[in-house]
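> make a model of this:
(chains A and B)
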Amino acid sequence: NAGVTQTPKFRILKIGQSMTLQCTQDMNHNYMYWYRQDPGMGLKLIYYSVGAGITDKGEVPNGYNVSRSTTEDFPLRLELAAPSQTSVYFCASSIIPDRTNEQFFGPGTRLTVL
Amino acid sequence: QKEVEQNSGPLSVPEGAIASLNCTYSDRGSQSFFWYRQYSGKSPELIMFIYSNGDKEDGRFTAQLNKASQYVSLLIRDSQPSDSATYLCAVNMLEEYGNKLVFGAGTILRVKS
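Purely as a prediction, here's the structure:
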């Protein structure tokens, strides 16, 4: 199993550009999550999904959109990139978030908006 | 606002010593608690979780939970330079569609050889 994979690893965007961060998991997990991590900060939840076709906002959803058409894929869309979106983005998945709720993380995408 | 608080550090300990990392949380309804380790430039990886009051041991790591005082801690015995990393405390909080993790900002640990 590859686990959780993310592409690209690095990206530089200009202000106002758009892009999609890709996330794929091959563990047949129902739940998937997008986090951002700013320097010296913890992980902030952007969006999450409880299964194909179902998504919901997390703590910091503004400026982002998601979709979940399959169990495996959970892309994150940035429209009109802003410098405040410069961050490291992590995708994660879990089978069912019961009280153990182990989340498996992808390697991250480091995004810079100039 | 549901919060998880950690001392940012850095916490410096000599090799072989015990490192003690602490975390407090605001939501009294939280049921389970996690410690993730994150090396610089890498993604978080789960070390331990705990959901009962008291201690839980796994090798050199011991997690301690006190729900009445709303704190959870991680002890690392016989600290090694390879333990140098950021340690993230995460609390499982019940939301409309299930449980979600809320992370603290992390404590930087440096183990000096």
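> contacting residues around residue 87?
Using chain A. Going by C-beta atoms under 8 Å, 6 or more residues apart in numbering or on different chains, A:Ser87 touches A:Arg36, A:Gln37, A:Asp38, A:Leu111. No exception for glycine: its C-beta is placed from N, CA and C like everyone else's.
> look at chain B instead
B:Gln6, B:Leu21, B:Trp35, B:Tyr36, B:Arg37, B:Gln38, B:Ile47, B:Leu74, B:Gly106, B:Thr107, B:Leu109 are the contacts of B:Tyr87 under C-beta under 8 Å, 6+ apart.
> return the member of those nearest to A:Lys9.
Comparing the contacts of B:Tyr87 against A:Lys9 with C-beta to C-beta places B:Gln38 closest, at 16.6 Å.
> which bits of chain B sit near chain A?
B:4, B:6, B:8, B:31-32, B:34, B:42-46, B:49, B:51, B:88, B:92, B:96-106 (C-beta under 8 Å from any C-beta of the partner chain).
> can you give me the end-to-end span of stretch A:81-88?
One end of stretch A:81-88 sits 14 Å from the other (C-alpha to C-alpha, to the nearest Å).
> re the thing from before, filter the residues of chain B next to chain A down to just the ones in strands.
Among the residues of chain B next to chain A, the members falling in strands (DSSP state E) are B:4, B:6, B:32, B:34, B:45-46, B:49, B:88, B:92, B:98-103.
> and those, which is the shakiest by pLDDT?
Across those, the bottom pLDDT score, 65, is held by B:Gly98.
> low-confidence ranges in chain B?
B:1-2, B:95-98 (pLDDT under 70).
> now do chain A
A:97-99, A:101.
> can you rerun that using 90?
Low-confidence segments of chain A (pLDDT under 90): A:1-2, A:39-42, A:50, A:59, A:95-102.
> got a list of what A:Pro107 touches?
Going by C-beta under 8 Å, 6+ apart, A:Pro107 touches A:Thr5, A:Gln6, A:Lys9, B:Lys42, B:Ser43.
> residue numbers of chain A in contact with chain B?
Near chain B, when you scan chain A using C-beta under 8 Å from any C-beta, you find A:31, A:33, A:35, A:40-45, A:48, A:50, A:54, A:56, A:58, A:90, A:96-103, A:105-108.
> of those, which belong to strands?
Those of the residues of chain A next to chain B lying in strands (DSSP E): A:Tyr31, A:Tyr33, A:Tyr35, A:Leu43, A:Lys44, A:Leu45, A:Tyr48, A:Val50, A:Ile54, A:Asp56, A:Phe90, A:Phe105.
> report the buried members of the residues of chain A next to chain B.
A:31, A:33, A:35, A:42-45, A:48, A:50, A:56, A:58, A:90, A:97, A:101, A:103, A:105-108 (16 or more other C-beta atoms under 10 Å in any protein chain shown).
> separation between the closest residue to A:Pro83 other than its chain neighbours and B:Ser52?
Closest residue to A:Pro83 apart from its sequence neighbours, by C-beta to C-beta, 6 or more residues apart in numbering or on different chains: A:Val113 at 5.0 Å. Distance, A:Val113 to B:Ser52, by C-beta to C-beta, to the nearest Å: 44 Å.
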